[in-house]
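1. Make a model of this:
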Amino acid sequence: MITEKITNAIQCHQNGELLKAQQLYKEILSIDPQNADCMHFLGVIAMQKGNLDQAIHLIQRAIELRPDISGYHSNIAMAYKENDQFKESLEHYQHSISLSPENPILHFNLAALFHHYGQFDNARNAYVKSLTLKPDQPLVHHNLGNLLMKQGDVQGSLMAASIAKKLAPENSAIQSNYLFCLNYSIDHSPEMIINEHIKWGHFYSKVNDYPLIAEHHERIRIGYVSPDFRNHAVARFMKSILTNHDSYQFDIYCYSNVKQSDSVTNQLKLLDVSWRNIWDKNDDQAVQQIQSDNIHILVDLAGHSSNNRLTVFARQPAPIQITYLGYPNTTGLSQMHFRLVDQWSDPDIHQFSGSEDRLYLPNGFLCYTPDDNIPPITFKPSNKSITFGSFNNLPKVNMNVIQLWASVLQAVPNSRILIKTKGFNDTSTQDRYGEYFNKFGVKKDRITLMGTVPDETEHLKIYNHVDIALDTFPYNGTTTTCEALFMGVPVITLAGVHHAARVGLSILSQTGFSEWVAYNQEQYIQKAAYLADHPEEIFSIRKTLRSRLFQSDLCQGKKFVRSLESVYRSCFLKKLKPNSLGIS
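-> Reported below is the predicted structural model:
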């Protein structure tokens with residue numbers, strides 16, 4: 001009788017019928033209070049529901065009954081990790097492995113724990129151990145690739161992502177991640193990278209089973225789809241757009257693919273938008289939601305970045321689909337009709353840039369809202385040596401960038417460079433990059449390598465130690481450039497040919513500082529050295545830069561959104577017959 005109930009309970013649990021499984025486990029425990037498996041499974045259900053303290057309590061009781069079960073220790077370790085208790089999680093993962101040392105999944109879980117807490121060397125070793133035990137694990141290769149990317153090892157990351165891609169040809173997230181990694185490569189041409197995106201689009205394009213019919217409405221319905229409606233750079237650029245949409249002419253819907261809401265999510269929800277959480281919806285359910293909302297224009301804000309929903313766009317739930325902001329390349333989807341750009345980021349209208357047609361915003365394609373708690377700008381004593389700086393993601397800091405920055409430092413005697421990035425939370429990564437600079441003649445005492453700080457305001461305050469920011473290439477900064485400018489720091493950028501290499505040019509042109517744009521490496525060095533030799537000019541820039549930014553097109557939310565809405569309206573009228581939607 002009990003055996004049959006346990007079998008039924010486990011079957012319900014595996015089918016996702018958590019409430020029924022929970023009731024069956026409790027019934028069994030009322031008959032057999034010492035049943036460790038049922039106690040453990042009740043804890044797993046509690047963890048699945050987000051009740052972490054209860055999960056830990058229940059699984060701990062199971063461990064007291066059966067301390068020799070590896071899976072119990074592994075699951076309680078997972079609960080401790082979710083509860084942000086590293087020490088306890090590590091202890092139980094290690095105990096789990098001691099009980100089942102040849103289980104590759106346990107080594108993978110341990111690697112994920114180290115990865116989450118920034119212990120990159122330990123994480124890499126555990127990923128490698130897992131793959132040694134079982135090489136054909138696409139998710140392990142995928143995670144290892146992401147780890148290597150954080151350490152700035154783009155080539156190693158691409159190799160791991162490529163293996164994962166081959167092992168999981170139908171996993172869209174793994175396939176997307178490979179494309180995402182390609183954007184950081186200096187060994188692949190822009191044309192090759194675009195072609196890889198197009199191949200992805202061909203593979204994932206779906207025959208649309210849904211009628212593209214929108215009901216009559218007085219206003220055009222715009223839907224924004226993003227995994228980044230949270231404390232993320234994309235939200236910083238979207239806040240002003242969502243705030244300033246004309247509610248008399250447009251209905252705005254936000255399709256949030258966010259697992260865990262935060263304070264930024266809650267702020268955005270308070271705006272004049274209809275909010276839809278699609279994190280728990282599969283593609284078919286998300287498509288049905290979008291269609292039931294009768295969206296006319298659906299806008300992707302993620303491209304191939306993490307947790308994107310491009311496979312929803314592949315089903316074309318809206319008559320017009322646009323990609324914007326969160327990704328510097330094509331999606332590769334034929335169902336993605338347009339990409340929003342500007343005259344500086346994409347000046348050559350004849351240059352092939354992917355599957356989408358380009359829509360040009362007249363005053364720049366970005367609209368930025370600085371942090372609410374942006375700290376005041378401070379001023380260094382004039383007799384201090386010049387400090388260059390970069391806060392960009394580490395994989396953007398490739399060997400060509402390091403060599404050019406070394407040339408800048410050599411052109412400005414006694415100058416220093418401060419590089420702040422998440423990858424430098426790891427000391428071995430710091431050591432490796434210190435050696436890279438040493439290779440190009442820059443001693444370690446001229447370099448400060450800094451990891452992240454927990455508070456956004458403290459992060460911004462560090463710009464007060466920087467005189468001149470140096471942009472990366474061929475993948476320029478975006479948020480970091482805006483942050484530097486708002487903290488009174490001029491930014492030197494090197495303009496390239498494709499979109500990702502021209503974002504710095506776009507921002508500086510939009511804000512009226514095109515004199516800081518270089519078009520070759522010699523100019524880059526000259527412009528950096530010129531500012532370094534004119535500290536009085538840096539002082540003057542620092543005094544007025546923030547106020548000038550607020551007056552620039554970058555921060556004119558209403559003006560930007562009117563232009564954006566004009567572009568929406570124009571493509572809408574060209575793409576659809578307005579009378580069919582009751583819109584004049």
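
2. hey, let's count contacts and neighbours off CA atoms from now on
-> OK.

3. For this structure, which residues score under the pLDDT cut-off?
-> Within the chain, the segments meeting pLDDT under 70 span 1, 207-217, 577-584.

4. Identify the single longest helix in it, thanks.
-> Counting by DSSP state H, the longest helix found in the chain is helix 557-575.

5. Report the separation between the nearest residue to Leu133 once chain neighbours are set aside and Lys5.
-> Among residues not flanking Leu133 along the chain, Pro104 sits closest, at 5.7 Å (Cα to Cα, 6 or more residues apart in numbering). Computed as Cα to Cα, to the nearest Å, the Pro104 to Lys5 distance reads 31 Å.

6. between these two, who's got more neighbours?
-> Counting neighbours by other Cα atoms under 10 Å for Pro104 and for Lys5 shows that Pro104 has the greater number, 23 against 15.

7. I'd like to know the phi and psi angles of that one, please.
-> phi -70, psi -30 (degrees, to the nearest 10).

8. got it, and Trp344?
-> In terms of degrees, to the nearest 10, the main-chain angles of Trp344 are phi -90, psi -40.

9. How are the helices of the stretch 401-550 of the chain distributed by residue range?
-> Remark: helices assigned in the stretch 401-550 of the chain by DSSP state H, counting those that start in this stretch are 427-439, 456-461, 479-486, 503-511, 521-532, 535-551.

10. Over to the stretch 51-200 of the chain?
-> With DSSP H, counting those that start in this stretch, the ranges of helices along the stretch 51-200 of the chain come out as 52-65, 70-82, 86-99, 104-116, 120-133, 138-150, 154-167, 172-182, 190-204.

11. Would you reformat the ones you listed as JSON lines and include distance to Glu435?
-> Shown next, in JSON lines, are the helices of the stretch 51-200 of the chain (distance: least, Cα to Cα, whole Å):
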{"stretch": "helix 52-65", "distance to Glu435": "43"}
{"stretch": "helix 70-82", "distance to Glu435": "34"}
{"stretch": "helix 86-99", "distance to Glu435": "31"}
{"stretch": "helix 104-116", "distance to Glu435": "24"}
{"stretch": "helix 120-133", "distance to Glu435": "17"}
{"stretch": "helix 138-150", "distance to Glu435": "18"}
{"stretch": "helix 154-167", "distance to Glu435": "17"}
{"stretch": "helix 172-182", "distance to Glu435": "24"}
{"stretch": "helix 190-204", "distance to Glu435": "29"}
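
12. who wins for proximity to Pro454 among the ones you listed?
-> Among the helices of the stretch 51-200 of the chain, helix 104-116 comes nearest to Pro454, with 14.4 Å by Cα to Cα.

13. Run the chain-centre distance for that closest one.
-> Computed by Cα atoms, centre = their mean, to the nearest Å, the chain-centroid distance of helix 104-116 equals 21 Å.

14. what angle sits between that helix and helix 120-133?
-> Orientation check (axes from the mean of the first three to the mean of the last three Cα atoms, to 10 degrees): helix 104-116 against helix 120-133 gives 160 degrees.

15. So which residues make contact with helix 104-116?
-> 74, 81, 86, 89-90, 93-94, 96-97, 120, 122-127, 129-131, 133-134, 140, 143, 147 (Cα atoms under 8 Å, 6 or more residues apart in numbering).

16. List only buried entries from the residues you listed.
-> Listed as buried from the contacts of helix 104-116 are 74, 81, 86, 89-90, 93-94, 96-97, 120, 122-127, 129-131, 140, 143, 147; burial here means 16 or more other Cα atoms under 10 Å.

17. which residue packs closest to Ser428, ignoring adjacent ones?
-> Leaving out its chain neighbours, the residue that sits closest to Ser428 by Cα to Cα, 6+ apart is Asp121, at 7.5 Å.

18. now swap in Leu325 and tell me
-> Going by Cα to Cα, 6+ apart, Leu325 has Leu301 as its nearest residue, at 5.6 Å.

19. is it true that that neighbour touches Tyr224?
-> Yes. Counting by Cα atoms under 8 Å, Leu301 touches Tyr224, with 7.0 Å between them.

20. quick one: which of those two has more around it?
-> Leu301 (25 against 22).

21. got the contact list for the more buried one?
-> Leu301 makes contact with Tyr224, Val225, Ser226, Val234, Thr323, Tyr324, Leu325, Gly326, Tyr327, according to Cα under 8 Å, 6+ apart.

22. same deal with Asn146?
-> Asn146 neighbours (Cα under 8 Å, 6+ apart): Ser157.

23. Could you measure from it over to Lys439?
-> With distances taken as Cα to Cα, Asn146 is found 26 Å from Lys439.

24. got it, and Pro395?
-> Taking Cα to Cα, one finds Pro395 at 18 Å from Lys439.
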